[in-house]
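Q: Predicted structure and sequence below. I'll ask about it afterward.
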Amino acid sequence: MIFIPNKGISNNKKLAKAFVEHYYTKFDANWRGLANLYQEGSMLTFEGQKIQCSQNIVAKLTSLPFQQCQHNTSTVDCQPSGAGDILVFVSGTLQLAGEHHALKFSQMFHLMPA
């Protein structure tokens with residue numbers, strides 16, 4: 001779960017795209033910059049491992065076995081999930097520094113009004 005401020009934006013697709021662009025721009029530049037996007041109740045599931053709270057999530061991301069990457073999103077799909085929540089599914093490629101072939105990735109976000 002990632003908490004977002006509810007500013008009355010009714011266009012879920014626009015909000016989802018803006019969030020995804022912001023998230024991956026921060027991820028690619030400085031993983032520690034993602035900390036303020038997560039709350040204590042947030043959870044990241046990564047390859048079957050459940051990691052909860054902002055501090056632990058950022059620790060997991062900074063422990064990944066690469067230092068630099070570039071996300072290229074192919075799809076951003078979203079749908080409301082009730083009470084102002086938005087489910088966002090992202091797919092694309094992840095280019096690691098020094099690697100010739102990009103990796104495919106997918107990620108799901110549950111955006112909730114703060």
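A: In hand now; what should we look at? Numbers count the residues shown, from 1 in each chain.
Q: For residue 87, pull up the helix or strand it's in.
A: Assigned by DSSP states H and E, residue 87 belongs to strand 85-96.
Q: which residue ranges form the helices in this protein?
A: 12-29, 54-62 (DSSP state H).
Q: who wins for proximity to residue 102 among the ones you listed?
A: Closest approach to residue 102 among the helices of the chain is made by helix 12-29 (13.2 Å; C-beta to C-beta). For the C-beta atoms, the positions are set from N, CA and C on the backbone; glycine is no exception.
Q: which strands and helices sit next to the closest one?
A: In terms of contacts (3 or more C-beta pairs under 8 Å, 6 or more residues apart in numbering; DSSP states H and E), helix 12-29 is packed against strand 2-4, strand 69-82, strand 85-96, strand 103-113.
Q: follow-up on the earlier one: turn the helices of the chain into a markdown table, columns for mean pLDDT, mean neighbour count and distance to residue 84.
A: As requested, the helices of the chain are arranged in a markdown table below (pLDDT from 0 to 100; neighbours: other C-beta atoms under 10 Å; distance: least, C-beta to C-beta, whole Å):
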| stretch | mean pLDDT | mean neighbour count | distance to residue 84 |
| --- | --- | --- | --- |
| helix 12-29 | 94 | 16 | 10 |
| helix 54-62 | 93 | 16 | 21 |
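Q: All set, thanks.
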